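>>> requesting a structural model of the entry that follows:
(one chain, ligands or ions: 1)
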Amino acid sequence: MKTRVTLLGPPASGKGTQADLLSRRLGYSILSTGSLLRAEIEKQTDLGRQAAELINAGNLVPDEIVVAMVTGRLTGDKFLFDGFPRTVAQAEALDLVLEERGMPLDIAIHLEVTEETIRHRILNRVICDNCHFVGTRGGNVAQDATACPRCQEPLKRRADDTDEVITHRLEEYREKTAPLVPYYQQTDRLVTITGRESREEVYERICQVLEIEPQFNEASTTPS
Ligand code: AMP
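Below you'll find the model as predicted:
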């Protein structure tokens with residue numbers, strides 16, 4: 001069984017959705033740098049103000065900031081990273097920290113999707129800050145829904161989920177994050193899964209890779 005995992009892929013490839021499902025299945029929490037940064041923005045901290053400008057323009061946040069944010073939160077010996085690392089420098093820093101602690105990263109799961117799917121998902125994406133539910137309007141969420149189908153807290157749109165910003169986020173992905181594919185391939189830790197299928201199919205495939213039995217929880221996999 002693989003217990004130290006990172007989910008890698010372009011924006012809206014399903015990293016957040018799968019991290020949420022896996023976290024419920026595995027019982028340990030997700031380290032999502034995007035969610036941590038959005039929480040800083042919400043709290044209006046100095047880091048949040050700095051991050052908001054970069055995120056809303058579709059840029060990555062500097063490596064030192066995210067690496068410090070993650071390493072400060074590493075406890076236990078099981079990890080599920082969502083959206084981290086996003087550069088080779090971050091991956092090297094993570095490898096160093098985990099190897100020093102004698103618990104190297106087991107696997108990087110690369111979710112592959114087309115640009116057309118990404119744009120469709122981003123323009124229809126809604127999120128819940130409270131329970132980390134991620135939905136698509138017209139898909140698993142009704143077009144006019146205002147409350148999270150799982151916890152009833154308000155559904156929100158992300159400030160960076162616009163047509164304009166996504167173009168730059170995709171450029172950042174191609175230039176800075178895509179090199180992680182060969183990085184993990186070289187050390188035999190990469191598995192690529194097509195993220196185009198339904199969330200349940202992708203989840204089942206990931207469970208196979210992690211050598212765990214999928215468990216379908218009505219509330220988490222098929223929100224009404
Ligand atoms: P996400 O929620 O993973 O899509 O992240 C939203 C935004 O937060 C990204 O577009 C980046 O601006 C920033 N961000 C999240 N994770 C990282 C990371 N590991 N390195 C740099 N920037 C990040």
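
>>> what distance separates the start and the end of stretch 195-202?
End-to-end span of stretch 195-202 (C-alpha to C-alpha, to the nearest Å): 6 Å.

>>> pull up the residues of the protein that are close to the ligand.
11, 33-34, 37, 54-55, 59-61, 66, 83-86, 90, 160, 169 (C-beta under 6 Å from any ligand atom). Placement of C-beta: from N, CA and C, glycine included.

>>> what subset of those is buried?
11, 33-34, 37, 55, 59-61, 66, 83-86, 90, 160, 169 (16 or more other C-beta atoms under 10 Å).

>>> thinking again about what came up before, in helices only, show me the residues of the chain next to the ligand.
Taking DSSP state H as the definition of helices, the residues of the chain next to the ligand contribute 33, 34, 37, 54, 55, 66, 90, 169.

>>> now pLDDT too, for the residues you listed, in a markdown table please.
Listed next are those as a markdown table, based on pLDDT from 0 to 100:
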| residue | pLDDT |
| --- | --- |
| 33 | 96 |
| 34 | 94 |
| 37 | 96 |
| 54 | 97 |
| 55 | 96 |
| 66 | 97 |
| 90 | 98 |
| 169 | 96 |
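
>>> residue 191: which of the residues you listed is nearest?
Closest approach to residue 191 among these (C-beta to C-beta): residue 90, at 19.4 Å.

>>> confirm for me that that closest one is in contact with residue 62.
No: under the criterion of C-beta atoms under 8 Å, residue 90 lies out of contact with residue 62, with a separation of 10.1 Å.
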